[in-house]
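Enquirer: Give me a model of this one.
(3 chains)
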Amino acid sequence: MSAELGKNESTLVSQVHSHSSVFPPAEVTDDLFVHEPLDSRLQEQVSGQTVSVWKDAWRRLLKNRGTVIAMCIIVLITLLALIGPQLSGLPYDEQNLTFSNLPPKVAGLEWLGFDGKDAKGIDQYEARGITEHFWFGTDEFGRDLWTRVWKGTQISLTIALLAALLDLFIGVAYGGISAFYGGKIDNVMQRIIEVLVGIPNLIVIILFILILDPGIFSIVLAMIVTGWVGMARVVRGQMMQIKAQEFVLASRALGASNSRLIVKHLLPNAVGPILVTLMFTIPTAIFFEAFLSFIGLGLQPPLASLGVLIQDGYVSMRYFTYKLVFPGIVISALMISFNLLADGLRDALDPRMKK
Amino acid sequence: MLKRVGYMLVTLFIIATATFFLMKTLPGTPFTNADRLNEQQLENMKAKYGLDQPVAIQYVRYLANLVQGDLGMSFKFMGRSVNEVIFERIGPSALIGFQALIVGTFVGLGLGVVSALRHNSIWDYTSVTLAVLGMSIPSFVFAALLQYYLGLKWGLLPPALWKGYEYTILPTLALSVTVIATVARFIRTEMLDVISQDYVMTARAKGLSETGVIVKHVLRNALIPVVTMLGPLAVNIMTGTLVIEKIFSVPGLGEQFTLSIVVNDYSVIMGITLFYSLLFILMVFVVDILYGLLDPRISVRGAKAK
Amino acid sequence: MRRKKKGLSLVIALLMAFTVAGCNFNSEQTNTQTPAPNNGNQTAEPTAGKKVLRIYDSDEIPTLDTAQVHEDVSFAVVNNTMEGLYRRDANSQPYLAMAEKHDMSPDGLVHTFKIRENAKWNNGEPVTAHDFEFAWKKVFQAAGHYSFMFETAAVLNSTAILKGEKKPEDLGVKALDDRTLEVKLEYPNPLLNQLLSFPTFFPQKKEFVESKKEKYGLEFDTVLYNGPFMLTEWKHDQGWKYEKNPNYWDKDKVKLDQIDAYVVKDVSTALTLYESGQIDRVELTSSFVDQYRDKEGFLTIKDPSIRFLRFNHTHPALGNVNIRRAINLAWDKQGLTDVILNDGATPLYGMVPGGFFFSPEGKDFRQLNGDINKGTVEQAQEFWKKGLQETGLSEVKVALNLADTDTQKKVGEYLKNQLEKNLPGFTLELKSVPTNQRLELEKAVNYDISLSSWGPDYSDPMTYIDMWVTGGSANRMKYSNAKYDEMVKQAKMETDMSKRFQMMLELEKMLLDQDVAVAPVYQEGLAVLQRPTVKDYVVLPTAPRYNYMWVDIAGQ
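Expert: Below you'll find the model as predicted:
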């Protein structure tokens, strides 16, 4: 079902109903309609070629070079996060003190700075007689940073996705119910949201992390305590808007049930803004995780996330710069890509932006 | 209006209650040298702070004090009230926060306008990239870089401490990065939105100069929703101060908050939480009023609803 | 619209003015006294011929009320601006300070102190015996954090007062006249002089305290100073300024004219300030050591604080002595201190750290008792097998409780990896919590293994030994050995110092060699970057650790 289609339908329906003396009614209630059996195939019958809004959006998305690059980067990083930890053949928590604090070295990439030289210009691999090469170097435990960076990316992405998905479910359910039923239910639910919005989310997150045992799940939980509110508001706003549009009215007139209304009309038409909000939630969640790690409320060692690695690297950034640079590049690339993708999606899904 | 104030009070009450009980479930004692105290001494200390009472009584007492504007006594800063602690530290935080807000809004505005007017040009991409970079590089990394280069290596500005106006510049810059990024992006989308509106087309059609169109119609209308950004921006800045103040040794409130969490200074945690929430709620309130003033459509709609 | 905007900008301007006014910058005066930020390694510049030391502290001073002080920052300030009957020298040995004479009754129970005639407060008034009596009793009235120090010192009735059986007025201290103070003890205590140098035993002037009410000790001018320096400025959360106290009885020994202390909470910020020439000394954490190891002014200092693993002795596996011994032996302590910590910390094979505690004959405690529980991984694995057989377990899964500081987390990560690698079937789960929470979990013996720390309260091995008596407040692991308890009691009463020392050596062996009650991890070290012009900056082994009166700035 698409927005265009909906509009076609609505013009059609409004013509049909134009003779009605009470139109438009102050409030649309069920008793205004007489249910009429109708061939469901005819309901959706439209003459002429239809272009699905998704195809259209997808086409517009692909026209935007920035977005395409962003999508490629996200796919690449996700792939690396999945297979990267296996590539070097070293587990992320394997310690070996003889390999402690080795700068990055890649055969053939010496000119790029991967030359195994520390801040004083000494080739640590030569000085210590180490023949193995660590692509991203090692930390003080002698753990391979290549493995840890990708393992960390994997964990950061997991946290972000989990938080975003949970936000999505709660937000859509809450916002949907609030908007769909309206009236008193909506009123009460909106008051609850108003109170929740008044609470600075950062403080809630910090307080919750303090109480829960630190770990992936606690961080996710703390983030969604108030995180879903934004999504709920977006969903409600969209639903309210769509609900008031003629095509919904028309669909109702044609005898659509509540569930059919929600599934066929309300949700699909709200998907755009929901998707955009979701895309903005992911980088925010990644950022919050990094922030929590920085103020010492992150994961339990030896587990690493990008935030933990950045915090480690930050401390020694002037001497062991590589410890900050690699996780820093990955987190920035992720944030930039998700933001660009979200921007692109919004542009693509908003027909007003059409040129 | 009265209703609004009522909701604000309810929100505050819920936050106060929630933080109070969260604090009660928080493990650990607020006594820094608990390491050395035996049971009896610990009991004595608890009695001194009223922590030996049942939670319900503590709660009622806490609320009663709260109504009188008394946030209690700090555990760590013995003999000092939470009100005092907050009052002493709010100045520096407010100063750098406020400066960052102003600097950030104006720079962000510039970037956003350029990017919207030259949509999909190299200018747009550069400024979008800059803005996204600003949002994606953690502010503490940016702060550390500023401190190292501007403060230490080139010696242009004092790298840390709080001894005069020049000491506020680096923390302000570090703090304004996210503001710049947020405002720039927001302005860009808003302007793009407005540019495609019918009345802009009309304005163009009736022969207004391009600058006239941009300034009178596009920018003005795009600016109105920026007011709504004030709330999220304030939160942004608050988050920023938590780490920025530590890095630049600014004697502010944000740093105090993280520190109090570490040492379980319950009363200060509760006090600052409430204070931040109050600020935030007031901010949202003011934004709503401002928005109503700036955009007549909103107040009309609001009037109709009543 | 236009008018509205004007109003808005006015509001903004007002807000701006308000915040600038409220932001507490230091006064102009201090501005001119610190050199402008500059490049390179600049030495401390003379400030109009004055000797100025510039340091930083990691936090704001909570209070200067000696009845309440309980953490490092205020200990440092109080120790440098106030003084008790005794003060400690650079070797941590007590010498008479506010008192000029100390007489003891033959049974060692009644001590009489004569206060110096030239002992004065900074306002010129004399320090009297009444000031001591008032201050000591106040500690109990105010339920001060360190009231238990009186119990350690065995001052008459202190235990009963702490238990609430007697009143603070019953404390065994009395001013016989303005200059004579009488202190009664429960039992003869060889550590008394040492303890009297602790801030909880410092005097306070009653009239002054009462005139300042609850503001006492909260500003630089709401407290009186009788020590080498006095505070002349205190900007909350920013820093404070010491100046030489002209009324101090021993002022000729004080070399510095002024000390500027700043609050800097981040070590990397402190390093930036050091490099830009604004402070003279920084204490490094291990992450920064590599960067500064080769710089001029880098040094490491031994520290008497120790880190060790507490075992929950009621745990089914950890209650077994062989399993505990295996955990003691199964990992490379040298690797931890040399590679991971890297800050001057040394491996610890005993309860009492090396280099600080000497027998009356001048021998180091650690050397006399040697390395306890030092061995190879193979030995560890044998004990491990034996322990598993005895307990009937095939694998052991336990959690390690640790404070959530960077360093402690690193130690935990290392331990986990080493122990899991070397002991088959052993799983260590790390649980990092804030320090205060770690302590509470320890106190409730609600843990499996806890990475714990201990710093000495006074310069005597007993501070590490008497922790482990049954039911002791520092035991916290349900360790109990009747023979140990009895011997500690005897050693505390023993006045023959050689015999006493011998007993403490035996006690340590009983604790670690026989019972393997805990697993020592390392002895802390202190890595410091200090400007070469700063001389005689001594760090004492026990709190209060800093005494600036000997510090000198060279070349001036």
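Enquirer: Poorly predicted segments of the chain, please.
Expert: All of this refers to chain A. Flagging of chain A using pLDDT under 70 yields the residue ranges A:1-28, A:30, A:32-51, A:53, A:198, A:350-355.
Enquirer: Can you look at chain C instead?
Expert: The model of chain C has pLDDT under 70 over residues C:1-48, C:555-556.
Enquirer: per-domain residue ranges of it.
Expert: Annotated domains of chain C cover C:1-79+C:227-280+C:531-556, C:83-219, C:304-525 [automatic domain parsing].
Enquirer: Can you give the distance of the second one from its chain's centre?
Expert: Which is domain C:83-219. What separates the centre of domain C:83-219 from the centre of its chain is 20 Å, taken as C-alpha atoms, centre = their mean, to the nearest Å.
Enquirer: That one close to chain B?
Expert: Yes: using C-beta under 8 Å from any C-beta of the partner chain, we find that domain C:83-219 touches chain B at C:143, C:145-148, C:162-164, C:214-218. Placement of C-beta: from N, CA and C, glycine included.
Enquirer: related to what we said a few turns ago, can you add mean neighbour count and give the domains of chain C back as TSV?
Expert: Below are the domains of chain C laid out as TSV (neighbours: other C-beta atoms under 10 Å in any protein chain shown):
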stretch	mean neighbour count
domain C:1-79+C:227-280+C:531-556	18
domain C:83-219	19
domain C:304-525	19
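Enquirer: Tell me which of those sits nearest to A:Ser156.
Expert: A:Ser156 sits nearest to domain C:304-525 of all these, at 18.5 Å, using C-beta to C-beta.
Enquirer: give me the element C:Ser268 is part of.
Expert: Using DSSP states H and E, C:Ser268 sits within helix C:267-275.
Enquirer: how far out from the middle of the chain is that helix?
Expert: Distance, stretch centre to chain centre, for helix C:267-275: 23 Å (C-alpha atoms, centre = their mean).
Enquirer: Then stretch A:188-201?
Expert: Centroid displacement of stretch A:188-201 relative to its chain, using C-alpha atoms, centre = their mean, is 22 Å.
Enquirer: And the contacts of it?
Expert: Applying C-beta atoms under 8 Å, 6 or more residues apart in numbering or on different chains, the contact partners of stretch A:188-201 are A:174, A:177-178, A:225-227, A:229, A:232-233, A:236, B:7-8, B:10-12, B:14-15, B:235, B:238, B:276-277, B:280-281, B:284.
Enquirer: Separate out the buried members of those residues.
Expert: A:174, A:177-178, A:226-227, A:229, A:232-233, A:236, B:7-8, B:11-12, B:14-15, B:235, B:238, B:276-277, B:280-281, B:284 (16 or more other C-beta atoms under 10 Å in any protein chain shown).
Enquirer: Inside strands: which ones of the residues you listed?
Expert: Within these, no residue falls in strands by DSSP state E.
Enquirer: So which of these sit within helices?
Expert: If you go by DSSP state H, the buried ones among the contacts of stretch A:188-201 have A:174, A:177-178, A:226-227, A:229, A:232-233, A:236, B:7-8, B:11-12, B:14-15, B:235, B:238, B:276-277, B:280-281, B:284 in helices.
Enquirer: I'd like to know how many residues surround A:Leu212.
Expert: Neighbour count for A:Leu212, taken as other C-beta atoms under 10 Å in any protein chain shown: 13.
Enquirer: contacting residues for it?
Expert: When the contact criterion is C-beta under 8 Å, 6+ apart, the partners of A:Leu212 are A:218, A:221-222.
Enquirer: quick one: which of the residues you listed is most hemmed in?
Expert: Highest neighbour count within these: A:Ala222, with 25 neighbours (other C-beta under 10 Å).
Enquirer: Give me the nearest residue to it, chain neighbours excluded.
Expert: Among residues not flanking A:Ala222 along the chain, A:Phe208 sits closest, at 3.8 Å (C-beta to C-beta, 6 or more residues apart in numbering or on different chains).
Enquirer: Looking from chain C, tell me which residue of the stretch 251-355 of chain A is nearest.
Expert: Chain C sits closest to A:Tyr319 of the stretch 251-355 of chain A, with a gap of 3.7 Å, by C-beta to the nearest C-beta.
Enquirer: before we move on, what SS does that residue have?
Expert: Classification of A:Tyr319 using DSSP: H, G, I helix; E, B strand; the rest coil returns coil.
Enquirer: If we ignore the residues flanking it in sequence, what's nearest it?
Expert: Among residues not flanking A:Tyr319 along the chain, C:Gln291 sits closest, at 3.7 Å (C-beta to C-beta, 6+ apart).
Enquirer: can I assume that neighbour is in contact with A:Ser316?
Expert: Yes: between C:Gln291 and A:Ser316 there is a contact under C-beta atoms under 8 Å: 7.0 Å.
Enquirer: Find residues that contact each of these two.
Expert: Counting by C-beta under 8 Å, 6+ apart, C:Gln291 and A:Ser316 have no contacts in common.
Enquirer: Same drill for these two, tell me which one is more crowded.
Expert: Remark: of C:Gln291 and A:Ser316, A:Ser316 carries more neighbours, 22 against 19, as counted by other C-beta under 10 Å.
Enquirer: I figured the more buried one hits C:Ser286, correct?
Expert: No: judged on C-beta under 8 Å, A:Ser316 makes no contact with C:Ser286 at a distance of 9.6 Å.
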